[in-house]
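Peer 1: sequence-free structure coming up:
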């Protein structure tokens, strides 16, 4: 009976990978369209904030349906939100770390060449794998490690754009840039794996965890809105530049965010990274037809590496989607001896 369970698990993972890839690719294409076609650019910080609000409302709605009655729904919110400040603080960690990551990534891009930034930022993929091993007590085979670094190289080639000569001289601090990119990479790996550990270390509903995280996420994003675009928003309005296409992008981001939490809950963060890489390839191919993008040799080679790495990582192996408690106990016994 073990074989059927493994096959169902593999099919489910492939299904999650396919759906998340399609959703991420659709979001990327729609986002690019809004940023290139709209005459009045909207504030991206407000869009992120609204996305967090919609994800919170959707999670509340799904939790209400999951509990089955209004009384149980109220009791769940009262117990897990209003009377659980420690849990709220625990789930505020990913939001704060992601905010630091985004700011460090922007600082790195301002102090490094675009090509250097593209290469070094992909180190978040092996960093996520390393955090998975260290924080969740999992093991990866040599073939899986090879596939992770192969994916890293493939994504770098897919996104590679040759540097163009310019007369504009920009003062950069490479040391500051590399320091910022190192912090961003570590934050990316830590935040994703931390959230996965919280999800899988208790029987608390996924949607309760989402509500806890999105509440803190709204506070963080509102702070970013005020610090980044506060003056302009007061002048032009919170919804300045919004069109139907912008709202569509926000909807895709909201649904995609919820589905990402499902993928992390039932697969792992490494699988999420492979899905994101596949989405980059798919969205770039779609851009050829929609935006006239030219396919290059480096893109073709990168696509090949991404596809091969996904295949290698998906070969039959030890399950890496659940936290291994037995392995931790065995290590403790060895140490005590």
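Peer 2: Good, I have the coordinates. Predicted model only: the values in this text are computed from it and were never measured. Numbering: from 1, shown residues only.

Peer 1: please, which helix or strand holds residue 172?
Peer 2: Following DSSP states H and E, one finds residue 172 outside all helices and strands.

Peer 1: what is the neighbour count of it?
Peer 2: For residue 172, the neighbour count with other C-beta atoms under 10 Å is 12. To be clear about C-beta, it is placed using only N, CA and C from the backbone, and glycine gets the same treatment.

Peer 1: with residue 103 instead?
Peer 2: The number of residues near residue 103, taken as other C-beta under 10 Å, comes to 16.

Peer 1: ok, now residue 123?
Peer 2: Quick note: residue 123 (other C-beta under 10 Å) scores 20 neighbours.

Peer 1: do residue 174 as well
Peer 2: With other C-beta under 10 Å as criterion, residue 174 counts 11.

Peer 1: again with residue 65
Peer 2: There are 10 residues near residue 65, going by other C-beta under 10 Å.

Peer 1: contacts for whatever helix or strand it lives in, please.
Peer 2: When elements are assigned from DSSP H and E, residue 65 belongs to helix 44-67. Applying C-beta atoms under 8 Å, 6 or more residues apart in numbering, the contact partners of helix 44-67 are 70, 73, 76-77, 205, 207-208, 210-211, 214-215, 217-218, 221-222, 224-225, 228-229, 233, 238-239, 246, 249-251, 253-255, 257-258.

Peer 1: all strands of the protein, in order?
Peer 2: For the chain, strands defined by DSSP state E do not occur.

Peer 1: low-scoring stretches of it, by residue?
Peer 2: Scanning the chain for pLDDT under 70 picks out 1-40, 114-116, 118, 161-171, 275, 278-280, 284, 286-293, 314-337.

Peer 1: what ranges do the helices span in it?
Peer 2: Secondary structure of the chain (DSSP state H): helices at 2-37, 44-67, 70-77, 85-111, 114-121, 124-136, 142-158, 174-200, 206-236, 244-266, 269-291, 297-313, 325-336.

Peer 1: helices and strands around the third one, which ones?
Peer 2: Judged by 3 or more C-beta pairs under 8 Å, 6 or more residues apart in numbering; DSSP states H and E, the packing partners of helix 70-77 are helix 44-67.

Peer 1: now the angle between helix 206-236 and the helix it packs on, please.
Peer 2: Orientation of helix 44-67 against helix 206-236 (axes from the mean of the first three to the mean of the last three C-alpha atoms, to 10 degrees) gives an angle of 150 degrees.

Peer 1: for helix 44-67, buried residues please.
Peer 2: Buried residues in helix 44-67, counted by 16 or more other C-beta atoms under 10 Å: 44-56, 58-60, 62-64, 67.

Peer 1: what about the closest residue to residue 153 other than its chain neighbours, distance to residue 276?
Peer 2: Of all residues not flanking residue 153 in the chain, residue 305 sits nearest, at 5.7 Å (C-beta to C-beta, 6 or more residues apart in numbering). From residue 305 across to residue 276, the span is 15 Å (C-beta to C-beta, to the nearest Å).

Peer 1: ok, of the contacts of helix 44-67, which come out buried?
Peer 2: Buried, going by 16+ other C-beta under 10 Å: 73, 76-77, 205, 207-208, 210-211, 214-215, 217-218, 221, 224-225, 229, 233, 246, 249-250, 253-255, 257-258, out of the contacts of helix 44-67.

Peer 1: so what's residue 257 closest to, chain neighbours aside?
Peer 2: Residue 257 sits nearest to residue 55 (C-beta to C-beta, 6+ apart), 5.1 Å away.

Peer 1: my bad, should have said residue 206
Peer 2: residue 265 is the one closest to residue 206 (C-beta to C-beta, 6+ apart), at 5.2 Å.

Peer 1: burial measure for the one you found, as a count.
Peer 2: 17.

Peer 1: next one: the one 3 residues further on
Peer 2: As a burial measure, the neighbour count of residue 268 was computed by other C-beta under 10 Å and equals 25.

Peer 1: next one: stretch 201-219 to chain centre, how far?
Peer 2: Distance of stretch 201-219 from its chain centroid, counting by C-alpha atoms, centre = their mean, to the nearest Å, is 16 Å.

Peer 1: show me what contacts residue 69?
Peer 2: The contact partners of residue 69, by C-beta under 8 Å, 6+ apart, come to none.

Peer 1: check the gap between it and residue 211 for me.
Peer 2: Distance, residue 69 to residue 211, by C-beta to C-beta: 18 Å.
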